[in-house]
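1. what shape does this take:
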Amino acid sequence: MAKFVLTLWEDQSNWAQAGPEDIAKSSQAYQDVTDELRSKGAFLAGEGVQPVATARSVRVRGDEISATDGPFAETKEQLSGFYLLECKDQDEAIQWAAKIPAASTGVVDIRPVIEYPPEA
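-> This is a model prediction of the structure:
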């Protein structure tokens, strides 16, 4: 088994235009896939994140710490959440990613987690 981080990228401006019914339907779709992940033992963690307007970017240059609003890269999609899954392989992670609602409105990025050896 291996761990995978699935990051969800969507156009957050769509949420500003969504009505309560659309938000409820989307929330239920996320709950359904999360429940299925849990029932199959693949779910390790997952959360949505606040919109990009709440983000801060931190940089350290020398001894100087800089925290600025952002990121505000010119992208169509912004990070909206993540799942941490345990899957037998990347193909299984792809199958789960396809069930996440963000895959049909944005993109789900899959990254294997680096497994560091335990400290002695």
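
2. let me see the ranges of the helices in this structure.
-> Assignment of helices within the chain using DSSP state H yields the ranges 13-17, 20-39, 90-99, 102-105.

3. give me the buried positions along the longest one.
-> Right, the one you point to is helix 20-39. Under the neighbour-count criterion of 16 or more other Cβ atoms under 10 Å, helix 20-39 has 26, 30, 33, 37 buried. Bear in mind the C-beta positions are built from the backbone N, C-alpha and C, glycine included.

4. format those residues as JSON lines; extra columns: distance to residue 98 and pLDDT.
-> Written out in JSON lines, the entries for these read as follows (distance: Cβ to Cβ, whole Å; pLDDT from 0 to 100):
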{"residue": "26", "distance to residue 98": "17", "pLDDT": "93"}
{"residue": "30", "distance to residue 98": "14", "pLDDT": "96"}
{"residue": "33", "distance to residue 98": "10", "pLDDT": "98"}
{"residue": "37", "distance to residue 98": "13", "pLDDT": "98"}
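
5. kindly reformat the residues you listed as TSV containing distance to residue 80.
-> Below are these laid out as TSV (distance: Cβ to Cβ, whole Å):
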residue	distance to residue 80
26	11
30	10
33	14
37	17
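
6. now flag whichever of these is closest to residue 20.
-> Comparing the buried residues of helix 20-39 against residue 20 with Cβ to Cβ picks out residue 26 as the nearest, at 10.8 Å.

7. give the contact list for residue 80.
-> Residues in contact with residue 80, defined by Cβ atoms under 8 Å, 6 or more residues apart in numbering, are 8, 9, 10, 12, 48, 49, 102, 106.

8. try 6 Å this time
-> Contacts of residue 80 were listed using Cβ atoms under 6 Å, 6 or more residues apart in numbering, and they are 8, 10.

9. which of the helices of the chain has the lowest average pLDDT?
-> Note on these: lowest mean pLDDT is at helix 13-17, with a mean of 83.

10. tell me which other helices or strands it touches.
-> For helix 13-17, the contact count by 3 or more Cβ pairs under 6 Å, 6 or more residues apart in numbering; DSSP states H and E identifies no helix or strand as a packing neighbour.
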